[in-house]
Each structure stands twice: as structure tokens, then as C-alpha cells.
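Peer 1: Any chance you can model this:
(chains A and B)
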Amino acid sequence: MTTATTLIGDRRREALDRMSSQRHHPTRRADTRPLGPPPTAFYVIALVVTVLIMLGLVMVFSASAITSLHRGNSPWRIFNRQLLWAVLGGAAMITTARVPYHRWRRFIPYILALACTLMLLPFVPGLGVSVNQAKAWVFIGSVGFQPSEFLKLAMLLYCADLLARREKEMSNLRRTMWPVLAVAGVGAALCVAQGDLGSAIVLSAIVFAVAFIAGTPMVPMILMTIGGALATLGFVFTSQRRYNRFTAFLDVTGNKDYLSYQVYQAMIGMATGGVGGTGVGSGPSKWGYLPLAHSDFIFAVIGEELGLVGVVAVIGAYLLLTYFGVQVALAARDRFGQLLAGGIVAWLAVQAVINVGGVSGSMPVTGLTLPFVSSGGSSLFVCMTAAGLLLNVARHVK
Amino acid sequence: MVQRPVERKAVRSRAYVPGVFRAGQPHRRLIALFVLTVLVFGAVLTRVTILQTADASSYTLAGAHQRTQETVLRASRGVIFDRNGDELALSVPATTIFVNPKLVGDPATTAAALATMLQLTPERQQALADAISNKDKGFVYVARQIDDKTASSVMALKLAGVDSYPESTRVIPGGDLARGVIGRTDTDGKGTAGLEQQYDAVLTGADGELVRQHDRAGRSIPGSGTVTLPAVPGRDIVSTIDRSIQFTLEQALLARASELGARGGTAVVEETTTGNILAMASVRRDDQGVYHVTTANVGAVDSYEPGSVAKVVTIAAGLNEGVVTPDTTLRVAGKIVYNSGTPWEFTISDAEVHATQPMTVHEILVHSSNIGTIGVSEKIGPERQYDYMTAFGLGQRSDLNFPGESKGILKPWQQWQGTEKVTPAYGYGVAATAIQLIGAVNTIANNGVYVSPRLVQATIDKAGKMQPAAPSATRVVVTPQTAQEMNLIMRDVVCNGTATRAQVDGITVAGKTGTGIKAIGGQYATVAKDKAYYSSFVGFFPAEAPRVTTLISIDEPPAGNIDRFGGTAAAPVFQAVVPTIMHQLGIQPPTTNGGCPKK
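Peer 2: All right, here's what the predicted structure looks like:
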């Protein structure tokens, strides 16, 4: 009896395992299926991303030429580097857009491990370089990149994979929330260790967004959010310097000479642009007044040279991306695709909002790039890779 | 043993009982996320829209302000030329050095270095160090308008916080020459005295402005418009002063005043027909007993009792009114006592002691008889006496309109009390400036026509075009015949009267001396050696066709000796300067037998 029971139980368990393995990899069979024509969302996302990248190239050139020249370099230097990364990113984007997204799942632990290892590189003497008081950069020769950008993508993949697999256990916090929280905590801690609070916030936001979409119960979700916010505030408030920097946005004009110098200059730039803008190339801010005009503060240059029209267009582009990204997530063929698409959309939206909010003096400045637009190779590359993944999910919707 | 796992199981399961925490719906969550994103983007967009529209102006202004530099282009101040085009005063480039205390690390060292370079006094160095220590200020002058070479050597030290800017300085190439007439400017280039003040509006140009856009490092932004409003330089003025005559006159006055030990001296040289002041000088002894050209234009701003020079006016009035002729004989007493036996007893006597005797009007003037002049004055009466004095320019500011010019003292005749009714006739109880007095005598020289004096004959605009000033106003005071009669009498004053020391070989001089007694503390001194004199000679030449009228006054010549009189103290100065005047103006005697008739 006991044996029979055991046999029956074994058979049942085997059957469940088979089913669950099919559930884990529901698309494996679909690989062989011929794909239909891509949905509208695919084209819109591809178009929006392409337009943003091209606008970014133009604005980066406009914003960086003078600075480059005055530093004794070719005025094309930063533009050329951005163009190179755009080409590399384009290759990555095409790759991720063409390779069915679930194929990456088996590599996710390795990707995460690699990303975490890369995060330690800035601390290696000779490789790590401090830029803008953050030890977030690695330079190999003259090519520099920010490992935290790769960590964002790796973290997103990991969380989406984990929470996709544990779909039935979403109310079991120990099986779903805590692992995600632990990974997010490690990632955020690595970013903070580099002195890059902005990346830590975005990283946490990505993880929270994936957990949120995956269906983590509301009460723990809220508690987790409050906890994360408190941790951030606690980190900020324990240092007078961080506190001053963080709260400077509350009185930009009062801090215009030091703490909020860049934001004040950005606001001057955008105000100078007015509705119609000064025209590409003719904004005065980049003449040394806005030191990071081509990277973190590119949005100010857009506001200055393209005016409110350009601002509405760029924010509209992100909203379009968000809308169609959410459509893709809603229509995703499986849960991993859904979480992946939702996470990517949340990532791009959060990073864009924090950047634009910081530049316009509505939020603290955290040193984040404007996705697809800002100068910054690793950011552009990783964002394009993520866009490719989103496109691939879009390609495979139900 | 059996219950334990059950309990543990129960505890464990309670935490994960479905329904306590229910998993959310991904679809709803995604839509919620999208809505949240739209709201946040909407808020940020609203903020940026307000910034770019409603709030734009103040930020735009701040932006324009930080990249716009406005440089004031200083207009150069006009030059003051003499009548021959030689510069009397001009502006030259210089450098002003200042310190921004906020940028100075060590005030004491900086002050010491500056003091060494600029040869500052220890007190000045200490004051400078104190000023630099005050970090509230962003600007402290170190030295203004120093020469460019010194400034560049100071700037070469590259002291932190020390900087300079160009600023022109006013230079009078002649040193003290005509300083009273030219006046001065303050350190900001504004005229504060003399012609510099009087013609400040003419000399001062309109500052220009250079507006440019620059980057944060100060480099001009190419393509941004540079707006230049050019500075309009001030106009030059051509004064009537003749530098050589001025110099000669000043030197002669200095020499004569120091020779006599006088308090000072004043002199004016006027072109007879035009009223142009060719020279106007005054010298004064300082506390150390050294004589200097004064900074004040004493000839215009100070008035004195003219004494006997005023007799010219009285006698001319008498002749012009027809009450006397030069040959009319009057009985002239040696002295007259007014209000005898009263507290107001006042004795008038002639300088040359004599008994009551007959004198012609000619002799009265030649020998400068006070009592004779009173006789003539009494014939015309105080009202006409006053009218003539006014017509000759006394008691009113001249058209020179010099800053601080005095109008002298001449009470209306109705207010003349007691002896005041007679003393104005011979130059007491009235006060006149040198300009008024020379104007009065010049009327005789100019055939009875009063000419207003003037110091500026033209202005030159920035295009170099000269615009002559309006000719001096003129008015007929006495008939040509009267003027001619006076001319002849005054020649005799020089040849045979009180002004023999004004004679110049080969040229006929007409003139009149005057020896005023200065009232000290409202009283005339009675003891001879305590008396303070104001001794003058006013003459014109060549008397046959007068070209130049000259006034020389010596202030407080020695009271006790013969040199106290106008004819002795002042006339020699006239004698000394006439050759230069003749040379400068190219005056040749109109007749071959000029000078006094040979006896």
C-alpha cells in the first residue's frame, strides 16, 4: 500500500514537474512557430527609441562641441564617442530584439554574477575613476563605462525570472518578496558604496516595479516602499553634505552659487528657451555655464534650444514608450515577458522622470542620465539593449 | 512530542494563510503603474511649462545678466587751449589700481608690497592694510590715476585681489600756469573750479558703452551681437589766455610781490576792443613766506576798494555830462572835515599835501586829488555818479560769469549816508573786482564803449570744427570825445603824474594809479605804519590807438615807505610786462614819436 501510494505520489509529482517545466519554458515550443506580423507597439517603440537616440546625438553634439573645443579637443570628440556607442548599442538592440527573450533565462544567474563582479571594478586601483564625486566608473584605456548600468539590466532580468517562476507563490513573501528584496538590497548597497545614490534609487525602483507588477501583496509592497524610502532618507540625513545636496532643490535660487548651481543654470537655460527655443546650437548655457550640459543636463539644453515644443516632444516620447511598453506587457505571451517588459518600461520611465525632475528643479539631482538622449556610453548601450528586449517581447505578444 | 510539530505548523501556516496577503493582478498593476507614470510626467511637465512661460522672465534676465558684460567707454574730456592753440589743460591716459579685499589672503603683506611699489607713507600703508582686512567690501582704491608704467610694474607682481582699470587724469602742462583761471577737476574728472567748472558741460563728453555676450570664462561668444555705443568726446575750448603773457605776468607779479614783501598781487591783461582776457594772474604769500600762483582766480572772485582808479569814472562822468571840461578850474581845499565835532567826524585830505588852491580838472586827475574829484562829483550829484559807476560796470557781476565771481559792493545812491555820498567818487565805500576795474578803464581806452570781458573765444567739436563764441556785449558809456579827453589826461598821469614808473620807451601809455586803504576788521587804520594798502595801476597802450588794457594790483605793499602807492608798487610790473605783450600781439607804436613828450 505504502509502495503503491508512493508510486502514485511519485507519478503525480512527475506529472506536475513536467507541467511546471512546461510552465517554466512555455515558449520553447513556440520557437519553432512562425511569427506573425509585428504589432503596432513594436513599430512605435522602435520609432520612439530611434528618434530619441537621434535627437540625443544632435543635442549632445550641440551641447558638447564648445566644451570639447575649449578643452583643446576636437569639437566632435564627445559626439563621435556617443555615435560609436550608439552603433554598438544598435548592434546589441538588434541582437536582443531578434533572439527570443526566454533564451536568456538560463544565463541570468551568470549575468547577475558578472554584473555584480563588474560593480567591484571601480574599487580596483588603476581601473576605477571618480567622476563627479562618485566612484562609479571603470576605465579600460580611454573607454569608460558605468557597471551600475549593466547591474540594472541584470537585476531586472533576475527579478523577472524569479517572480515569473514563482507565480503561484506570490503571497508567500518568503519565497518571492524576500529574495527580490535581498538582491535589490545588495545591488543598492553596491551603488551606494560607489557613491552613486541615483543608480541605487533606480535599481530599487526597477526591482520594486517588477515585484509590484508580479503581484506582490499590497500591504508588504507598501511597507517595502516605505522601508526603502526610509533607508534612502536615513542615508541622506546621516551626512550634512548629502543632506545639503539632497534638499538644495527646495531653494534653487538661494543655493544658486554652489549647491544648486547646475540646476539654476539649467532653469535659466530652459527659461531662455521659452516656448520656441533658441534654435539648435544657439543656446548660451553650454558656453561654460552648464558644465554637464551634454550628459546629465541634456534636457536643459533641449528645453533651451528647442523650447517648450522640444520639452513636450521628449516627455511625450517617454509617455508613448511607457504606454506602448505597458501594452506590450499586458499582451505578453508569458509571465516572464510581462515582467520583463513592465520592468523595462518602469526603468526607463523612472530614470527619465528623475532626470527631468532633477534638471527642472522639481526633485533632488541624483546624477542620472536621460535614457537614450544623454551622452554616456554605457547608459546608452544598456538602454538600447533593454529596448531590444522590449521589442522582442513585443514581437512575441499573444 | 506529537503536538510540537503541529504547533509549529500552525504558527507557520498562519503567516501565509491565503487571504491575509493576497497576490495582486499584474494587469491592474501595470495599468496603475502607467497611470502613476503619466501623473508624475504630467507634474514635471507642468513645472517645466511654468518655468518656460510664466516664470521665464526672471530666469531669462538672470541668464542675460550673467553672460552680458557692459563696459563703460569713458569719454575723453575736452582740452583747454590758449588763444594760440597751446594746451593749458588736457586729459591723458592713466591707470587706477584697486584691491578686492575678498580675494586677498594676507592684507598686511599685500599692503606692504603696494606701499613699496607706490611709495606710500607708513600711515597710508596702515590705512590700506586696515581697509583690505575688511572683507565686507569688494573694492578699495589703492592709487588713482597713476602713470601707466608704475601701474604695470605693480600689476606685474600679480598680487591676489589687486587689479587695475584705465582712467584718464587731468594734466596742466604749464604747472601752476593760469591755474586760477583753468581751475581744476576732481578725481572723477568733474570740473570743480575755474573754467573746468564753468565749461564742465562743454568739456565733458558722453560716455559710451560696449555690451557683449561672454562665456563663463569671459571669452566673447562668437555670433552674439556686440553693441557698441561710442563715447562722444567732450568739446575743446579755446580760451583767450595767451600762455606767454600769462607766464610773464605771473613771474613779474611773483618777482615784484616778493621784492616788496607784499601779501600778494593780482593782474589782468585785456584786449581793448574785444574784451578778451589775455592773462589773469594772482600770486599770494603763503605761511612760510613763499610766493605762489594762487589756485583761486582772485581777479574775479575778490573785490577791494579801488581807491583813486575810480576817479577815472567820476572825471569821465563830469566831462561827459558837460559840467566840467578838462580845463575847468576848481578851488581845491587841502582837506575837508566832515561832521566836525561829532563822533562821526571824518577828515578827507589829498595825498599830496597842499593848501587850498585852484586846480584844473586835468590836474585833479593827474595829481589824484581826492577833494578835487569830490568837487567834480558834487557837480553831477550822487544819482548820476551812481549811474555812471554802474554804466562803467561797477557793482555788478561781469559777463565773465566766472565761478564764484564777486559783484563787488556798490550801494544804490539812495542808501548813501553821510560821507558815503562823496567817498565813492574817489574809490572808497565801494568795492570792485579787478575785472570790474579793468573793464571800467577799458571803456575809456575803447573810445567810451564798455566791452564785456571774456575768457573763452571758441569751442572745437569732435569733428575738429571751431565754433567761435559770441562776441562780447558792448554798450556806449561816454562819448568818444569824453573818452579822448580822458585818454589825454591819463597819458599825462603816466608822463607827469602819479604813474611815471609805468612809462615805456617809445610807446605812449595812459593810465591811472590807485592806492586803496584796506579796512581791517571794519576799520581803517589811522597810524601810517599799520595801514594796509591795496595799490593798483590800470593802464592802456598804445594810447593813440589802444590795443591792450592792463591792471596791476599789489596787495599790502609795505605800509611805511614810498613803495606803498599804486604808482610805485604796481606800475613797475606794468612796465615789465609790456614788452612781452607787445611782442606777443605784434604791437608797433602807431606813431614814431610815441612815449612821453621829451622835455
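Peer 1: wait, what's in contact with residue 248?
Peer 2: The chain I'm using is chain A. A:255, A:259, A:260, A:263, A:364, A:365 (CB atoms under 8 Å, 6 or more residues apart in numbering or on different chains). Every C-beta, even on glycine, is put in place using the N, C-alpha and C of the backbone.
Peer 1: ah, no, chain B please
Peer 2: B:279, B:576, B:577, B:580, B:581.
Peer 1: How far does the host helix or strand of the first one sit from its chain's centre?
Peer 2: Per DSSP states H and E: residue B:279 is located in strand B:277-285. What separates the centre of strand B:277-285 from the centre of its chain is 13 Å, taken as CA atoms, centre = their mean, to the nearest Å.
Peer 1: tell me what it is packed against?
Peer 2: With contacts taken as 3 or more CB pairs under 8 Å, 6 or more residues apart in numbering or on different chains; DSSP states H and E, strand B:277-285 sits against helix B:179-182, helix B:243-260, strand B:264-271, strand B:291-293, helix B:298-301, helix B:571-585.
Peer 1: which neighbours does that strand have in its sheet, and in what orientation?
Peer 2: strand B:264-271 (antiparallel), strand B:291-293 (antiparallel) (DSSP bridges).
Peer 1: can you put those in JSON lines and add mean neighbour count?
Peer 2: Output for the strands paired with strand B:277-285, formatted as JSON lines (neighbours: other CB atoms under 10 Å in any protein chain shown):
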{"stretch": "strand B:264-271", "mean neighbour count": "28"}
{"stretch": "strand B:291-293", "mean neighbour count": "19"}
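Peer 1: Adding distance to residue A:8 and mean pLDDT as columns, could you present those in TSV?
Peer 2: Converted to TSV, the strands paired with strand B:277-285 look like this (distance: least, CB to CB, whole Å; pLDDT from 0 to 100):
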stretch	distance to residue A:8	mean pLDDT
strand B:264-271	140	94
strand B:291-293	134	92
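Peer 1: Any chance of those in TSV with distance to residue B:356 as columns?
Peer 2: Formatted as TSV, these follow (distance: least, CB to CB, whole Å):
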stretch	distance to residue B:356
strand B:264-271	37
strand B:291-293	44
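Peer 1: Minimum distance to residue A:123: which of these has it?
Peer 2: strand B:291-293 (82.2 Å; CB to CB).
Peer 1: any chance you could map the helices in the stretch 251-400 of chain B?
Peer 2: With DSSP state H, counting those that start in this stretch as the criterion, the stretch 251-400 of chain B has helices at B:298-301, B:311-321, B:361-366, B:370-391.
Peer 1: helices and strands around the third one, which ones?
Peer 2: I take that to be helix B:361-366. Checked by 3+ CB pairs under 8 Å, 6+ apart, helix B:361-366 has helix B:311-321, strand B:329-332, helix B:370-391, helix B:480-496 packed alongside it.
Peer 1: Can I get it as PDB, trimmed to CA atoms?
Peer 2: These are the backbone C-alpha positions of helix B:361-366, laid out as PDB (Å, rounded to 0.1, in the frame of the first residue of the first chain):
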ATOM      1  CA  VAL B 361      40.100 169.000 -13.800                       C
ATOM      2  CA  HIS B 362      43.200 167.800 -15.700                       C
ATOM      3  CA  GLU B 363      45.400 168.500 -12.800                       C
ATOM      4  CA  ILE B 364      42.900 166.900 -10.300                       C
ATOM      5  CA  LEU B 365      43.200 163.600 -12.100                       C
ATOM      6  CA  VAL B 366      46.900 163.800 -12.800                       C
END
